[in-house]
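# Okay, predicted coordinates and the sequence, questions at the end:
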Amino acid sequence: MSDPGSETMSEAATADAAVPASAAKVIVVMPARQAALTLGRTVAEIPLEQVSEIILVDDSSTDETVRLARELPVEVVWHPHQVGYGGNQKTCYLQALQHDADVVVMLHPDGQYEAGLIPEMVAPIVEGRADLVLGSRLLVPGAALAAGMPRWKYLANRFLTAIQNRIMGTRLSEAHTGYRAYSRELLLTVPFLRNSLDFSFDPELLYQASEFGFRIEEVPARCRYFEEASSVDFKTGVVYGLETIWAGIRLLLHRWHIVPSRKYRR
């Protein structure tokens, strides 16, 4: 699904942003925390012939995540202190950019998202059609609930996505997927280092991408819910929802020149 509200880049810029598929350096980043039970299976599902590197950033896990990761075909970076989901992603993207990535795919190591979808996630970027690709669990009606998504999460997702669409002028089916692919240009332009250290990092980065005029597409992504998969509980979900709404309000205050924010300055 294209985002008609954010297609503000010129045709010339679009052509320059395109990277030949055969030459694109695709790096998969994995923000990890207590992922020992699922990491091996997730890495095994990654189509290695389609990616250049895999970088795992461990956020001070207390299980065997780091030891197991060092036995896999991945580069391991570890945090000596836990910084949170957003802080983990900051390290992921910095590492990928310094490794000269053209496309960066964020894949959770818990196996909830299908790693085999990576070529479909990357294609719109290397073909010059998009700067950000979201793997949407809600793009196919009924698929998320059939896969086991709790109904309260489904309803909260739809509610928050509707609010964000209104603020961003988009028509996304899901704004809260953890499966994303970014162009190098987007990550070099959007000041993601100024974002939150916790789960609200994701909506902040999405707001930034839209506000800066980057093109967003969605591809359908199947999700899997099982005991070992990471999950946000109801209390954390409520806090996340409030932070997402507040992030949108901050964007509006910046846009209306009431309270400027460095998060939305180039």
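Alright, I've got the coordinates.
# hey, let's count contacts and neighbours off CA atoms from now on
Noted.
# got the contact list for residue 178?
With contact set as CA atoms under 8 Å, 6 or more residues apart in numbering, residue 178 has these partners: 106, 107, 108, 135, 202.
# Outside of the helix or strand harbouring residue 236 itself, list whatever touches it.
Assigned by DSSP states H and E, residue 236 belongs to helix 234-255. Outside helix 234-255, the residues that touch it by CA under 8 Å, 6+ apart are 156, 160, 163-164, 167, 199-200, 203-204, 207, 259-261, 264.
# Give me the buried subset of those.
160, 164, 167, 199, 200, 203, 204, 207, 264 (16 or more other CA atoms under 10 Å).
# Filter those down to the ones in helices?
Using DSSP state H, the members of the buried ones among the contacts of helix 234-255 that fall in helices are 160, 164, 167, 203, 204, 207.
# picking up where we left off before, adding distance to residue 75, write the contacts of residue 178 out as TSV.
Below are the contacts of residue 178 laid out as TSV (distance: CA to CA, whole Å):
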residue	distance to residue 75
106	14
107	14
108	15
135	24
202	23
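# Helices - which of those land there?
residue 202.
# Which ones among the contacts of residue 178 lie within strands?
In strands, defined here by DSSP state E, the members of the contacts of residue 178 are 106, 135.
# which residues touch residue 196?
Contact analysis of residue 196 by CA under 8 Å, 6+ apart lists 86, 87, 204.
# how close does the last one get to residue 105?
It stands for residue 204. Distance of residue 204 to residue 105, given as CA to CA, to the nearest Å: 17 Å.
# next one: residue 194
Where residue 105 is concerned, residue 194 sits at a distance of 20 Å (CA to CA).
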